[in-house]
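> got a sequence here, can you model it:
(2 chains)
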Amino acid sequence: MDKKAVTMDKIVNLCKLRGIIYPGSEIYGGMGNTWDYGPVGVEVKNNIKRAWWKKFVQESENSFGVDAAILMNARVWDASGHTASFSDPKMDCKECKTRQRADNLIENHSKGKVNPDKLTQEEMQAYIDEHKVACPNCGKFNWTPIRNFNLMFQTSRGVTDESTNVIYLRPETAQGEFVNFLNVQRTTRAKVPFGIAQVGKAFRNEITPGNFIFRTIEFEQMEHQWFCKEGTDGEWYEYYKKSAKDFLLALGFKEEHLRYHDHDKLAHYAKAACDIQYLFPIGWSELNGIHNRTDYDLSRHQEYSGKAMGYLDPFTNERYIPYVIEYSIGADRLMLATLCEAYDEQELEGGDTRVVMHFHPAIAAYKVAVLPLQKNLGEKAKEIYKQLAKYFMVTYDEAGSIGKRYRRQDEIGTPYCVTIDFDTLENGTVTLRDRDTMEQVRMSVEEVISYVNEKILL
RNA sequence: GCGGAUGUAGUUUAGUGGCAAAACGACGGCUUCCCAAGCCGUGGUUGUGGGUUCGAUUCCCAUCAUCCGCUCCA
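Numbering: from 1, shown residues only, chains lettered A, B, ... in the order given. From the prediction side, this is the model:
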């Protein structure tokens, strides 16, 4: 089916209806840009994270996981550059209601002669007032005062609100890998090149457009940092560009819904940056990023912490700070892409449509739904449910006609349904129905277990 | 954070300054051996908080949320 038929509205409605994702704090009227995963959604999201971990840790020869604290020493963010540059001085034009960055206005007005990064907020305000810097949109001079928008969530350590105790909720997970670089290297005795992976929450106090879970103030990142020697970084950069895309293809993404997008404007730490974009219902948008972060992060931590962050090459006895190839993908954003990619509406005979979520069996919340054809078969069905639940997530439904129950499972993407009938009581066999082909096969419960176990391998 | 629009059952929508409706869905019961069958029964402080009024879901204000545009986006 054509991608244009998938709308964000349909995805949001299905998610709420089927327990995938609900609006955050809904009974209090909601909380902007937060969403809660429901019983089905949490399974799907966990499966996505597990699939990613399998590919980049479990099946990787030389990558290791960490789970670092969300709250980090505030000096970490001085070193990473976030304290200085993760906030923007902004002003609103009262005439045309647009918002502008004060630093950009000053830089443009002075034709590059004044470096706004070296000015305080008061100095920037003074410059704009003195030179009557006009709004680039409407040409008028009628600004609100400069307000600083810091994208890091602040909180404070301890019971008093003294500024010395200010700490931040991490705005990215990457620093947790960098500050543990030496710990991981020593304890695993890993030799460069090697990788450190982490899945965890990050927080950004952004003024965000909605687009469901595409951008939220609290989100989960899956990151893999590959430490390698300068000179080999270009090669590894290309390698991870390919790996990142291969992972998506293995999850079932169509090649034509993915594309590479090189950055023309690079972040302060990056030598090269490339996104993989996905064709969301809102258009092509970033799904993940591959960055060549050079030795920027480890060097900065060496500078700020005073600890030597170099790696001593055991073959050459050469000491150097490794380069880092970062592969970063948002778990929630990948969840959204997975929902969009899986969504399908099928026309059936008689003008009916059924919604089917074509999740890869490894990603689907429930692998099997157990459905007794009649309620008086419920006892046997529950017995089989318990048998299957030892191996994978199973769900159970005995309400309504069998066709209605199939469709409920189709809407949450359950790949297989087994029905229990009177023959099951006789010989223990069940009918296994395939979500995608709608074909039915008779088999024993043991055969169901081995069949499904094979299908849910990624 | 700015401008505009919107907010009624789980969902989609009616409707009214004077007892709040329908369809679908959900749940319980009857029926039913494989793709939305049928019958019976069950549902709401009209987003939240104020104000005007004898009386507000309806009019006014605030607030919260959603959508569109701006802005932002390591």
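> domain assignment for chain A?
A:3-74+A:167-340, A:87-150, A:366-455 (automatic domain parsing).
> minimum distance to A:Glu349: which of these has it?
Taking CB to CB, domain A:366-455 is the member of the domains of chain A nearest to A:Glu349, at 12.1 Å. Yep, even glycine has a C-beta here, placed from its N, CA and C like the rest.
> can you get me the start-to-end distance on the closest one?
Counting by CA to CA, to the nearest Å, you get 13 Å between the two ends of domain A:366-455.
> so it, near RNA strand B or not?
Yes. Residues of domain A:366-455 contacting RNA strand B under CB under 7 Å from any atom of the strand: A:373-375, A:399-404, A:406-408, A:419, A:421-423, A:430-431, A:433, A:438-440.
> now a PyMOL select for only the buried ones of those.
Of the residues of domain A:366-455 next to RNA strand B, the buried ones go into a single PyMOL selection, burial set by 16 or more other CB atoms under 10 Å:
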select buried, chain A and resi 373+406+407+408+419+421+430+431+433
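> coming back round to it: looking at the domains of chain A, which has the lowest confidence?
In terms of average pLDDT, domain A:87-150 trails the rest of the domains of chain A, at a mean of 75.
> and the residue most central in space within chain A, what does it touch?
Centroid-nearest residue in chain A: A:Gly330, 1.7 Å away (criterion: CA atoms, centre = their mean). By CB atoms under 8 Å, 6 or more residues apart in numbering, the contact set of A:Gly330 is A:219-222, A:287-288.
> the longest helix belonging to chain A: how far from the chain's middle?
If you go by DSSP state H, chain A has its longest helix at helix A:233-250. Relative to its chain's centre, helix A:233-250 lies at 17 Å (CA atoms, centre = their mean, to the nearest Å).
> please apply the same query to stretch A:45-64.
Relative to the centre of its chain, stretch A:45-64 is centred 14 Å away, using CA atoms, centre = their mean.
> returning to what we had before: in TSV, list the contacts of A:Gly330 along with distance to RNA strand B.
As requested, these are exported to TSV (distance: CB to the nearest atom of the strand, whole Å):
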residue	distance to RNA strand B
A:Phe219	11
A:Glu220	14
A:Gln221	9
A:Met222	13
A:Leu287	13
A:Asn288	11
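> so which of the residues you listed is the closest to A:Ala202?
Set against A:Ala202, the nearest of the contacts of A:Gly330 by CB to CB is A:Gln221 (5.3 Å).
> residues touching the closest one, list them.
A:172-173, A:198-202, A:328-331.
> quick one: which of those residues has the most company?
Neighbour counts for the contacts of A:Gln221, by other CB atoms under 10 Å, peak at A:Ile329, which reaches 25 neighbours.
> A:Val57 touches A:Asp67, doesn't it?
No. Applying CB atoms under 8 Å as the test, A:Val57 and A:Asp67 come out as separate, 11.7 Å apart.
> more neighbours, those two?
In terms of neighbours (other CB under 10 Å), A:Val57 is the more surrounded of A:Val57 and A:Asp67; the figures are 17 against 11.
> residue contacts, that one?
Applying CB under 8 Å, 6+ apart, the residues near A:Val57 are A:63-65, A:197.
> A:Glu122 now?
Applying CB under 8 Å, 6+ apart, no residues qualify as near A:Glu122.
> likewise A:Leu348?
Taking CB under 8 Å, 6+ apart as the test, what A:Leu348 contacts is A:Arg354.
> quick one: it from A:Val355, how far?
11 Å (CB to CB, to the nearest Å).
> ok, the closest residue to A:Thr294 other than its chain neighbours to A:Gln277 distance?
Excluding the flanking residues, the one nearest A:Thr294 by CB to CB, 6 or more residues apart in numbering is A:Lys271, at 4.9 Å. Separation of A:Lys271 from A:Gln277 (CB to CB) stands at 21 Å.
> out of the two, which sits in the more crowded spot?
Using other CB under 10 Å, the more surrounded residue of A:Lys271 and A:Gln277 is A:Gln277, with 18 against 15.
> touching, the more buried one and A:His263? I think so.
No. Under the criterion of CB under 8 Å, A:Gln277 makes no contact with A:His263, lying 11.5 Å away.
> nearest residue to A:Gly193 other than its sequence neighbours?
If you look again at residue A:193, you'll see it is Pro, not Gly. Distances taken as CB to CB, 6+ apart place A:Cys228 nearest to A:Pro193, at 3.9 Å, with adjacent residues excluded.
> bridging residues for the one you found?
Note on A:Cys228: beta-bridge partners A:Tyr323, judged by DSSP bridges.
> returning to what we had before: quick one: which two of the contacts of A:Gly330 are the most distant?
Farthest-apart pair in the contacts of A:Gly330 is A:Glu220 and A:Leu287; separation 14.1 Å (CB to CB).
> quick check, A:Ser63 in contact with A:Glu223.
No. Using CB under 8 Å, A:Ser63 makes no contact with A:Glu223, being 11.3 Å away.
> common neighbours of those two, please.
Common contacts of A:Ser63 and A:Glu223 (CB under 8 Å, 6+ apart): A:Ala197.
> give me the number of residues near the closest residue to A:Ala190 other than its chain neighbours?
Spatial nearest neighbour of A:Ala190, excluding adjacent residues (CB to CB, 6+ apart): A:Asn62 at 6.2 Å. Using other CB under 10 Å, A:Asn62 has 13 neighbouring residues.
> with A:Ser25 instead?
12.
> what's around A:Arg319, how many residues?
A:Arg319: 10 surrounding residues under other CB under 10 Å.
> need the contact list for the nearest residue to it once chain neighbours are set aside.
Once flanking residues are discounted, A:Arg319 sits nearest to A:Gly310: 4.6 Å by CB to CB, 6+ apart. By CB under 8 Å, 6+ apart, the contact set of A:Gly310 is A:302, A:319-321.
> identify, from those, the entry nearest to RNA strand B.
A:Gln302 (18.1 Å; CB to the nearest atom of the strand).
> what helix or strand is that closest one on?
Per DSSP states H and E, A:Gln302 falls inside helix A:296-305.
> paired strands for whichever helix or strand comes after that helix, with orientation please.
Later in the chain than helix A:296-305, the nearest helix or strand by DSSP H and E is strand A:311-312. Using DSSP bridges, the strands paired with strand A:311-312 in its sheet are strand A:319-320 (antiparallel).
> show me what the helix holding A:Gln302 is packed against.
If you count contacts as 3 or more CB pairs under 8 Å, 6 or more residues apart in numbering; DSSP states H and E, helix A:296-305 packs onto helix A:75-80, helix A:174-179, strand A:323-330.
> does it reach RNA strand B?
No. Counting by CB under 7 Å from any atom of the strand, RNA strand B has no neighbours in helix A:296-305; the shortest distance is 10.3 Å.
> quick check: angle from that helix to strand A:323-330?
With axes from the mean of the first three to the mean of the last three CA atoms, to 10 degrees as the basis, helix A:296-305 and strand A:323-330 are set at 100 degrees to each other.
> from the contacts of A:Gln221, pick the one nearest RNA strand B.
Lowest distance from RNA strand B to those (CB to the nearest atom of the strand) belongs to A:Glu172, with 5.0 Å.
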